[in-house]
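# The following comprises the amino acid sequence and a computationally predicted model.
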Amino acid sequence: MAVSDDIRTIIASVIEGFDAASLGMNSPFMEAGLDSLDLATVLLEVQEKFGVEVPSDEEDQYDTLAKLTAFVEANQNA
Amino acid sequence: MENNAFSIQEIGTYVPPTRVSNMDRIAAFDYPEDALRDKIGILATARKAPDMQCSDLCLNAWQDLVTKLGDRLDPQNLDLIVVVTQHPDGFGLPHTSAIVHGKLGLPKSCFAFDISLGCSGFVAALATVKGYLSATGGRRAVLFTADPYSASVSEEDKNTAMIFGDAATATLIEPGPSWKIGAFDMGTDGKTASALQRDSAGILRMNGRAVFNFCALNVPKSIDATLEKNGLTKTDIDAFLLHPGSKYIVDTICARINITPPAALPCQHYGNAISSSVPLMLADTDRRVAKTVLISGFGVGLGWASCILTS
């Protein structure tokens, strides 16, 4: 499964009723309905699943599915 | 376990009557009401009177302990008092416990010291008190928690103003049948120390995501370790009393250890009272029903402390 699909699955599991399949690759998470607490959980689960670490002062840089996917793919086996 | 084990005999509490409503704050903070209810889970925060200091809060909790215990509490028989705070009286020297000692007229044979810890403070101090009494042959201690964060919180900072409330507790610890203090699990991740700190202006600053990550990753492991150290499993626990940092954090931890979260935070009407949070929840717990209790405090440090109490 592609990284972006895994992240969509994580988002859907974190936010009950959220239609993650329709989340655009370039739609900012916050505009799509996630709040900062939702995003904290998503990032934590992304870190745990892929073995990466999103620094605590850099989360704003990965505010879309496209950016977060690119970060994971670049750092997954680093 | 024997009936002369060090136990929590009674807990006196004090929550200042003044409240600041978060329902009034959310408009100014442009914060959604459903997120306030479902994620922060705190509807109002308690605020001490401006001229009250840490020792004053301790004395109010002491008065409640006296009311609950009557003649069973003899100040002349205390071997130790401890104050858990990071907001001591005055400029922090002398230690606030010495000031409380003087105000209560305790005997010279009663030692007094402070412990500088935040939300893990009550649980960690139980270990300190138990160890002190065991090492010195002492029998009886009162453990105070009083950390008036309103002295550091900016009422303009939605990350902290809607969470932290002022309160105090006074816990009598002596040999007895209930709740006996069991084995502990504690730890610190000092690399995350700056996630919850006072800045150069004396204002409390919190990195919410760093605190959340710390709690979600470490507290479930601490709960498992505490159960193992006490030879118990989750099904043996009558009540999990987890520090109410926020409803979202408590719900996340409960999901990760597969237990049902509380419908509402016990502190929803006065706020996260730092080291007083766990003893305030204990004081409202019926020990005849909750015979085996897991308590866990976590936060500033960032660190955690967990323990089992049994009847």
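Alright, I've got the coordinates.
# Every contact and neighbour count from this point should use C-alpha atoms.
Will do.
# tell me which residues of the longest helix seen in chain B are tucked away?
Counting residues, the longest helix in chain B under DSSP state H turns out to be helix B:208-229. For helix B:208-229, the neighbour count (16 or more other C-alpha atoms under 10 Å in any protein chain shown) marks B:208-216, B:218-227 as buried.
# Ok, stretch B:116-128 next?
B:117-127.
# Also stretch B:107-117?
Under 16+ other C-alpha under 10 Å, the buried positions of stretch B:107-117 are B:110-115, B:117.
# returning to that earlier point: can you narrow the buried residues of helix B:208-229 to ones near chain A?
Near chain A, judged by C-alpha under 8 Å from any C-alpha of the partner chain, the entries from the buried residues of helix B:208-229 are B:209-210, B:212-213.
# Let me know the closest of those to residue B:271.
Nearest to residue B:271, judged by C-alpha to C-alpha, of those is residue B:212 at 17.4 Å.
# Identify the spatial nearest neighbour of that closest one, chain neighbours not counted.
residue B:249 (6.5 Å; C-alpha to C-alpha, 6 or more residues apart in numbering or on different chains).
# Helix or strand for that neighbour, just tell me which one.
Following DSSP states H and E, the helix or strand that holds residue B:249 is helix B:247-257.
# which strands and helices sit next to that helix?
helix B:208-229 (3 or more C-alpha pairs under 8 Å, 6 or more residues apart in numbering or on different chains; DSSP states H and E).
# Run the angle between the helix it packs on and helix B:247-257 for me.
Orientation check (axes from the mean of the first three to the mean of the last three C-alpha atoms, to 10 degrees): helix B:208-229 against helix B:247-257 gives 40 degrees.
# Give me the helices and strands touching helix B:208-229, please.
helix A:36-50, strand B:180-188, helix B:247-257, strand B:292-299, strand B:303-310.
# JSON lines please, covering these and showing mean neighbour count, distance to residue B:271 and mean pLDDT.
Compiled in JSON lines, the helices and strands packed on helix B:208-229 are given as follows (neighbours: other C-alpha atoms under 10 Å in any protein chain shown; distance: least, C-alpha to C-alpha, whole Å; pLDDT from 0 to 100):
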{"stretch": "helix A:36-50", "mean neighbour count": "18", "distance to residue B:271": "18", "mean pLDDT": "89"}
{"stretch": "strand B:180-188", "mean neighbour count": "20", "distance to residue B:271": "24", "mean pLDDT": "97"}
{"stretch": "helix B:247-257", "mean neighbour count": "20", "distance to residue B:271": "11", "mean pLDDT": "94"}
{"stretch": "strand B:292-299", "mean neighbour count": "26", "distance to residue B:271": "15", "mean pLDDT": "97"}
{"stretch": "strand B:303-310", "mean neighbour count": "25", "distance to residue B:271": "19", "mean pLDDT": "98"}
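# Just put the ones you listed in CSV and tack on distance to residue B:149.
Shown next, in CSV, are the helices and strands packed on helix B:208-229 (distance: least, C-alpha to C-alpha, whole Å):
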stretch, distance to residue B:149
helix A:36-50, 23
strand B:180-188, 21
helix B:247-257, 19
strand B:292-299, 13
strand B:303-310, 18
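# Only alpha carbons, please: show stretch B:281-297 as PDB.
C-alpha atoms of stretch B:281-297 as PDB (Å, rounded to 0.1, in the frame of the first residue of the first chain):
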ATOM      1  CA  MET B 281      -9.700  12.200  42.400                       C
ATOM      2  CA  LEU B 282      -8.700   9.800  45.200                       C
ATOM      3  CA  ALA B 283     -10.600  11.900  47.800                       C
ATOM      4  CA  ASP B 284     -13.800  11.400  45.700                       C
ATOM      5  CA  THR B 285     -13.200   7.600  45.300                       C
ATOM      6  CA  ASP B 286     -15.000   5.200  47.600                       C
ATOM      7  CA  ARG B 287     -12.300   2.900  48.900                       C
ATOM      8  CA  ARG B 288     -14.900   0.300  49.900                       C
ATOM      9  CA  VAL B 289     -15.700  -0.100  46.200                       C
ATOM     10  CA  ALA B 290     -12.300   0.800  44.600                       C
ATOM     11  CA  LYS B 291     -10.200  -1.700  46.600                       C
ATOM     12  CA  THR B 292      -7.400  -1.800  44.000                       C
ATOM     13  CA  VAL B 293      -6.500   1.500  42.300                       C
ATOM     14  CA  LEU B 294      -3.900   2.400  39.800                       C
ATOM     15  CA  ILE B 295      -2.800   6.100  40.000                       C
ATOM     16  CA  SER B 296      -0.500   7.800  37.500                       C
ATOM     17  CA  GLY B 297       0.700  11.300  37.300                       C
END
